[in-house]
Every structure is written in C-alpha cells, then in structure tokens.
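J.: coordinates only, sequence not included:
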C-alpha cells in the first residue's frame, strides 16, 4: 500500500503533469522533457495510465482513478483535498483558469459554469466579492493546483 509521502513525491507530481499534457497533443517524451523528467520515470510511476499503440507511441488513457492531492479554491481560501478522478482534477484546474480570467478582465461570465460545483467535497468559489477580498489580501495563487509535501511527516519537537 502506498504511503502519504509517495502520493506527494516530486517524481509523481512531475509524472502527473506529464500525463495532463499528453491529451493536448504532446508526446510522452516531449511532455516529460518539459516537466524535467524522463519518459521512463513517467512509465514507472504511472504505467497503467499509459497505453502503447502498434506504432510504439504512448498516449494517456481517457480517464483515470489516480489519487491527486489538490488545493481547491473555496469560500475560505484554498482547501487541501484528495481526489481520485482526472475529471475532478480537470474541473479544479479549469476553475483556477476561470478565476484568473475573471480577476484579469472583471467579467463574471467566466465563473458562471462553476456555480454550485464541488471538487473533493469543497464548493468552488464563484462569488466575485469574495474573490476580490481574497485576491487583495494576496491569498489567491493561481499557479499551484497540486499540493506538495514540505517536510514529509510529523513535526519534530525542539
């Protein structure tokens, strides 16, 4: 059984980012290079999520049930959640893109598709006033969907 630390290892996070690039047309080797890892490492970490065609080219499977540790933007700020669906991770990512577009343009139409939606049990933040409150306090960071393990376990006592 995998440990919590293995779910957040840097190699696994890079492999997940490679997997997310592949449906957009990048090959396994291209995506791995852009994420500073190797195709071999990705295949080792996420082997069942890749399929190989007769021509030898790898592609990502349609959907997966890999565990992903995400930070989802809810009404109180970012909430750590664990999801087991590529579709849930995609919704969380698209929400952050919509939040960025809203904050840049002021057009709340970007947020409408996410009203009432939940990811990992957390309702996605779509209230423009609350978004501005969090953004003006510097609490909206749009570039870090995947949570990273900092320290790897229990705190040490002094």
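T.: That came through, no problem. Model, not experiment: these values are computed from the prediction.
J.: separation between the closest residue to residue 128 other than its chain neighbours and residue 28?
T.: In space, and not counting its chain neighbours, residue 128 is closest to residue 108: 5.2 Å by Cβ to Cβ, 6 or more residues apart in numbering. Heads up, the C-betas are built off the backbone N, CA and C, glycines and all. For residue 108, the distance to residue 28 (Cβ to Cβ, to the nearest Å) stands at 39 Å.
J.: more neighbours, these two?
T.: Neighbours were counted for residue 108 and for residue 28 using other Cβ atoms under 10 Å; residue 28 has more, 22 against 13.
J.: would you mind measuring from the closest residue in space to that one that isn't next to it in sequence to residue 24?
T.: Distances taken as Cβ to Cβ, 6+ apart put residue 58 closest to residue 28, at 4.1 Å, once the chain neighbours are dropped. Separation of residue 58 from residue 24 (Cβ to Cβ) stands at 14 Å.
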